Structures are given as structure tokens and as C-alpha cells.
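Colleague: this is the structure alone, sequence omitted:
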């Protein structure tokens, strides 16, 4: 058993599970072949399909060679492991766990790794820490001449969900900012708009809220279909956000004659003017969404707990952003402000934001405690009924 070699196919982003519903790890020729066929029927254009069939071919070649050398038929084994769509720590931890399970079932000490690209090969240190790697096979698919044309490759690239989300979204936002500045007859405004829009996009991606717009649209659709009151509040939020964007744009345009927009500091001031004029519109829009969800919970008889903390945190965030924008404008000396007044505004804004956040957390804790006491009371009543019965 110590000489057994394992042909290991790795799907780091778990396409085989997401698209074909295959549960991993998969061990054995028959099981891997069934998984490959199911995956090919689900998405025949995925490169992982070719990697699976390449692994099966390598396994067959190994079995044939061991048979010719009159070695044990148990000299080779094949397995498929997969990670998670969230590539990183979560995905690699899942791969490590599945690899340990495969090694416990097969007893293999050597491996041939089969992948479809460099991304899957990043897990090689995980495999090397557990067994010896004899070879790594990267499967490159040969395409016909029409498929190798640049137009088709670009078309397929734009249709790829991962690429479109990470690249096309900021590109589209930048083009939208340029078009707005051209329509308004202020080409220099595009720099400030692009910085502001891309900054918001990067912030949302950084804190894990990249899909907030898609989630908002999905929530509106669900509210409409189920007849919830949050649909009305979501519409109000959308109108408030549009009004805030318009108000912020007007404020930024009014500032243009007073500054040099060609400089970096001028672009920052334009973006700051936009934030200062529009922030409370956006905060009201966010509050409308949260209040709508709270009203739904009240109607459905649910207890409001963490929504209180979210509500106060939104207002606190708006206070900090407003104070910061006022501070920057005061430091710049526009509209007769001075640096000392800006520092005072920022200080009291931060102080008020901390106070509001504390209130929200305390209310949330209180509501959570009441909910826990009610649940304990209900459990006690149920236990009493069972005893009496």
C-alpha cells in the first residue's frame, strides 16, 4: 500500500459542485467517471471537465502499465476533491479536509496532480505537506480555428461571471461617470466622479458588500411578489438616493468656478462637496430600507433585535461622513471656513456617532434579552404541559 499512487483532480472553486451538484470527495474510477459525465452534461464548456477526463486517462494508463509489469492492481487510485466558490482560506481548508479523507480511504503516499490552470495549482503546498507529488499535469484544451478567434475569446471572457463582476462593473461605473460629465458640459468633473464612484465600489467590495445592489433589487422583487410594505419603503429609498445624487452633483458643479479641477486636491474637493450635499439623502434612503424591514417584522410578529443596532449605526456613519466632509471644506477655506471650525465639527461628529452607536447596541442587547426570556418562558410552559400530561 505504501507504493500506491493517487491521480488527484483538483477543482479549487468547486464548479463541479455548484454546476453539477456533485458532492466531493469522489474516490474510485466509476465514481469519478460518473461525476465527469454529470459535469459535462451540466456545462460542457468548462475546462474542469477536460481535467477530469484527463485524470481518468492518466489513471487508465497507470493501471495498464502496472498490469503489464505484473504488479498489484491496487497500485493506482483516482480521486476528485473540490474547494469552495469563496476562493481563499475557506476553499483551501475544505480541500485539506477532503484530502485527509481521501488519504485515509486509499492509503496512497504519492500523487499525480491534474488541474486546468495555475489557480488550482496554488494548493500544491497543501498536498505536499501530506504526500509526495510525482507529477503535475495542467490540461490545456486545443480549440478549433473559429474558436481561437479574438472576437469569440473576448465574448466568452465577458460572459464569464467572475470576470464580469470584478472587471466590467468598475469599468461601467467609470464610463457612466464620464458620460454624465460630458452631458453636463463639464469634462473635468469626470475625474472627481470616477474617483468617487470607484471609491464607493472599492469600499463595498472591501467590506464584503459587493453584491449590495443586486441584493437590494432581489429584495424589492421579493417584497413586490409577497405584498410586503418594504416594497414601498424601498421605492422611497430609491427616490431619496436619486435626489441625493442630483443634489450632490449640483453642489459639486457650483464649486467648479472656485477651484482648479485639474489638480488632485481640486478633484478631492469636488468629491467632498458631493458627499457633503448628498450624504443625508443617502442616509435617509438607507434608514427607509431598514425601517421597511422592521415594519415587516412587526406585521409578521417577529421581534426586532439587531435591526436597532443597524439603524443607529447607519445614522452614526452618516454623521461621521458629514463631519469629515465639513472638516475638509473648512480646511480648504472655501465659503469662509477655517481649519479650527473644521476640527471642531469633526470632533463633535465622531463623538455623536459613538454615542448613537452605543445607544443602538444597548437597545439591541435589551431586545435580545427580552427575546431570550420569552423563549425560556415558552420552553418552561411546554415542559409543564408535558409533565401534566
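Modeller: Cool, the structure landed. Note that the structure is predicted; figures quoted are calculated from it, not measured.

Colleague: can you give me the helices for the protein?
Modeller: 15-20, 29-42, 47-68, 89-106, 124-128, 150-159, 161-163, 169-183, 189-206, 212-226, 230-255, 264-299, 306-332, 339-388 (DSSP state H).

Colleague: mind putting the ones you listed in TSV, mean neighbour count included?
Modeller: (Each C-beta comes from the backbone N, C-alpha and C, glycine too.) Formatted as TSV, the helices of the chain follow (neighbours: other C-beta atoms under 10 Å):
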stretch	mean neighbour count
helix 15-20	19
helix 29-42	17
helix 47-68	18
helix 89-106	16
helix 124-128	14
helix 150-159	10
helix 161-163	10
helix 169-183	14
helix 189-206	17
helix 212-226	13
helix 230-255	18
helix 264-299	20
helix 306-332	20
helix 339-388	13
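
Colleague: JSON lines for those, including distance to residue 9 and mean pLDDT?
Modeller: Below are these laid out as JSON lines (distance: least, C-beta to C-beta, whole Å; pLDDT from 0 to 100):
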{"stretch": "helix 15-20", "distance to residue 9": "9", "mean pLDDT": "90"}
{"stretch": "helix 29-42", "distance to residue 9": "7", "mean pLDDT": "92"}
{"stretch": "helix 47-68", "distance to residue 9": "4", "mean pLDDT": "85"}
{"stretch": "helix 89-106", "distance to residue 9": "11", "mean pLDDT": "91"}
{"stretch": "helix 124-128", "distance to residue 9": "12", "mean pLDDT": "89"}
{"stretch": "helix 150-159", "distance to residue 9": "23", "mean pLDDT": "59"}
{"stretch": "helix 161-163", "distance to residue 9": "20", "mean pLDDT": "64"}
{"stretch": "helix 169-183", "distance to residue 9": "32", "mean pLDDT": "75"}
{"stretch": "helix 189-206", "distance to residue 9": "31", "mean pLDDT": "67"}
{"stretch": "helix 212-226", "distance to residue 9": "32", "mean pLDDT": "62"}
{"stretch": "helix 230-255", "distance to residue 9": "45", "mean pLDDT": "84"}
{"stretch": "helix 264-299", "distance to residue 9": "44", "mean pLDDT": "84"}
{"stretch": "helix 306-332", "distance to residue 9": "42", "mean pLDDT": "86"}
{"stretch": "helix 339-388", "distance to residue 9": "46", "mean pLDDT": "78"}
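
Colleague: and those: which comes nearest residue 112?
Modeller: The closest of these to residue 112 is helix 47-68. By C-beta to C-beta, the value is 6.1 Å.

Colleague: centre of the chain to the closest one, how far?
Modeller: 36 Å (C-alpha atoms, centre = their mean, to the nearest Å).

Colleague: any chance you could list what contacts that helix?
Modeller: The contact list for helix 47-68, computed with C-beta atoms under 8 Å, 6 or more residues apart in numbering, reads 5, 7-9, 11, 15-16, 29, 32-33, 35-36, 39-40, 43, 72-73, 75-78, 80, 112, 114-117, 137, 139, 141.

Colleague: tilt between it and helix 29-42?
Modeller: 160 degrees (axes from the mean of the first three to the mean of the last three C-alpha atoms, to 10 degrees).

Colleague: I'd say residue 349 and residue 317 touch.
Modeller: No - using C-beta atoms under 8 Å, residue 349 is not in contact with residue 317; the gap is 10.6 Å.

Colleague: can you tell me which of the contacts of helix 47-68 are in strands?
Modeller: Judged by DSSP state E, the subset of the contacts of helix 47-68 located in strands is 5, 7-9, 11, 76-78, 80, 112, 114-115, 137.

Colleague: list the contacts of residue 138.
Modeller: 115, 116, 117, 118, 121.

Colleague: the last one touches residue 136, doesn't it?
Modeller: Yes - assessed by C-beta under 8 Å, residue 121 is found in contact with residue 136 at 6.6 Å.

Colleague: quick one: common contacting residues for the two?
Modeller: Joint contacts of residue 121 and residue 136 (C-beta under 8 Å, 6+ apart) are 113, 115.

Colleague: returning to what we had before: just the buried residues of the contacts of helix 47-68.
Modeller: Using 16 or more other C-beta atoms under 10 Å as the burial test, the contacts of helix 47-68 include 5, 7-9, 11, 15-16, 29, 32-33, 35-36, 39-40, 75-78, 80, 112, 114-116, 137, 139 as buried.
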